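> below are the sequence and a predicted model; questions follow.
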Amino acid sequence: MKGSIELAIPSELGWERTAMELAASVARLMGFPADRVDDVKTAVVEATLNAIEHGNQFDANRAVSIVITPVGDRLEVVVRDQSSRPIEPPTARPDLEDQIAGRAPRRGWGIFLIRALVDDVEFESSEGGNLVRMVIRAQQRTSDGPN
Amino acid sequence: MQSVKIAIRRVAPLMILDLDGAVTGSADEALRTAYANASAEAARDVLLNFGGVDHMDSTGISVIIALLTEARQRQQRLMITGLSAHYRKIFDFMGLAQYAPVFESEEAALAWITQHH
């Protein structure tokens, strides 16, 4: 497969599933096994949710762009918001015990899941917004999960 | 966007919440209300059955974490069954199974409770 598919969605909850289904369709066309299609779906939905919520802050006048590019046996997905505020992705794993005990907010797992499920991920911020670039191979190179 | 539907049933000594649809942040009120109703039956053990769940994201998982907080405060056990292989993997990544035992089936959960009562 050659070429890219680009989708622009409003910053409203629910549209992330459109991006998810599109990426999953491309992954299936590329011959990804079902478990990797599931990984694609979760990674794309989490990156898009972050762009809607933390990047564009639910501003319906700002779009989230999703660009899906098959490259050989791997799928590259770039999710971009239109925020003027740079977002630093968290590096620490959320503390589940603190969350259950009510000592920490219960959110923060999206970036953790992306890192766990994709083969490569990069975060960039510029004047035009924040972007997440994810590479997902048909076969995951490691199966150890996140550290 | 369709969210979750929840049915509550009792299979003594368990209260079972059968979830159907999507578990996202928009499921917060429905799940908390269903959990409170199940708790009103004085059940010590509540089983969340994900067998009908076709979609879940981190905002939905945060609702499950909120239920774990409530379960701890009420001194209840929250248990889980019906997870797809993908969501089981995610729950394992997160360490959720350490706080809410995950079972292959409702029957397995019942057998475990019989042994641990």
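Good, I have the coordinates.

> what comes into contact with whichever helix in chain B runs longest?
Identified as the longest helix of chain B according to DSSP state H is helix B:58-73. Outside helix B:58-73, the residues that touch it by Cβ atoms under 8 Å, 6 or more residues apart in numbering or on different chains are A:46, A:49, A:96, A:99-102, A:106-107, A:109-110, A:113, B:22-25, B:27-28, B:31-32, B:35, B:39, B:46, B:48, B:76-78, B:90, B:94, B:96, B:99-100. Every C-beta, even on glycine, is put in place using the N, C-alpha and C of the backbone.

> got any ranges where chain A has weak pLDDT?
A:1, A:142-147 (pLDDT under 70).

> can we see that at 80?
For chain A, applying pLDDT under 80 flags the ranges A:1-2, A:140-147.

> quick one: contacts for the residue nearest the centre of chain A?
Most central in chain A under Cα atoms, centre = their mean is A:A47, positioned 2.5 Å from the mean C-alpha point. Contact analysis of A:A47 by Cβ under 8 Å, 6+ apart lists A:77, A:79, A:110, A:114, A:132, A:134.

> filter those by proximity to chain B?
Restricting the contacts of A:A47 to those near chain B by Cβ under 8 Å from any Cβ of the partner chain leaves A:G110.

> out of the contacts of A:A47, which sit inside helices?
A:110, A:114.

> could you identify which of the contacts of A:A47 has the most neighbours?
When neighbours are taken as other Cβ atoms under 10 Å in any protein chain shown, the top entry among the contacts of A:A47 is A:V79 (29 neighbours).

> first vs last residue of stretch A:49-63, how far apart are they?
By Cα to Cα, to the nearest Å, the extent of stretch A:49-63 from end to end equals 12 Å.

> and that stretch, how far out from the chain's middle?
13 Å (Cα atoms, centre = their mean, to the nearest Å).

> and that stretch with chain B, contact?
Yes: judged by Cβ under 8 Å from any Cβ, stretch A:49-63 comes into contact with chain B at A:L49.

> what lies in contact with that stretch?
The list of residues contacting stretch A:49-63 from outside it, by Cβ under 8 Å, 6+ apart, reads A:8-13, A:15-16, A:64, A:79-83, A:87, A:110-111, A:129-130, A:132, B:57-59.

> which parts of the chain are helices?
Looking at chain A here, since you left the chain open. A:16-29, A:34-50, A:96-100, A:109-117.

> that answer is for a different chain, and I need it for chain B
Under the criterion DSSP H, chain B contains helices at B:28-39, B:58-73, B:85-94, B:106-116.

> is it true that A:I66 touches A:L75?
No: counting by Cβ atoms under 8 Å, A:L75 is not a contact partner of A:I66; they are 11.9 Å apart.

> which neighbours do these two share?
Common contacts of A:I66 and A:L75 (Cβ under 8 Å, 6+ apart): A:A23.

> mind listing what's buried in the longest helix of chain B?
Judged by neighbour count (16 or more other Cβ atoms under 10 Å in any protein chain shown), helix B:58-73 contains these buried residues: B:58-71.

> and for stretch A:118-138?
For stretch A:118-138, the neighbour count (16+ other Cβ under 10 Å) marks A:118, A:121, A:123, A:125, A:129-134, A:136-138 as buried.

> out of those residues, which sit inside strands?
A:121, A:123, A:125, A:129-134, A:136-137 (DSSP state E).

> give me the beta-bridge partners of the most centrally placed residue in chain B?
The central residue of chain B, meaning the one whose C-alpha is nearest the mean C-alpha position (Cα atoms, centre = their mean), is B:L48 at 2.5 Å. Per DSSP bridges, the residues bridged to B:L48 are B:L17, B:I80.
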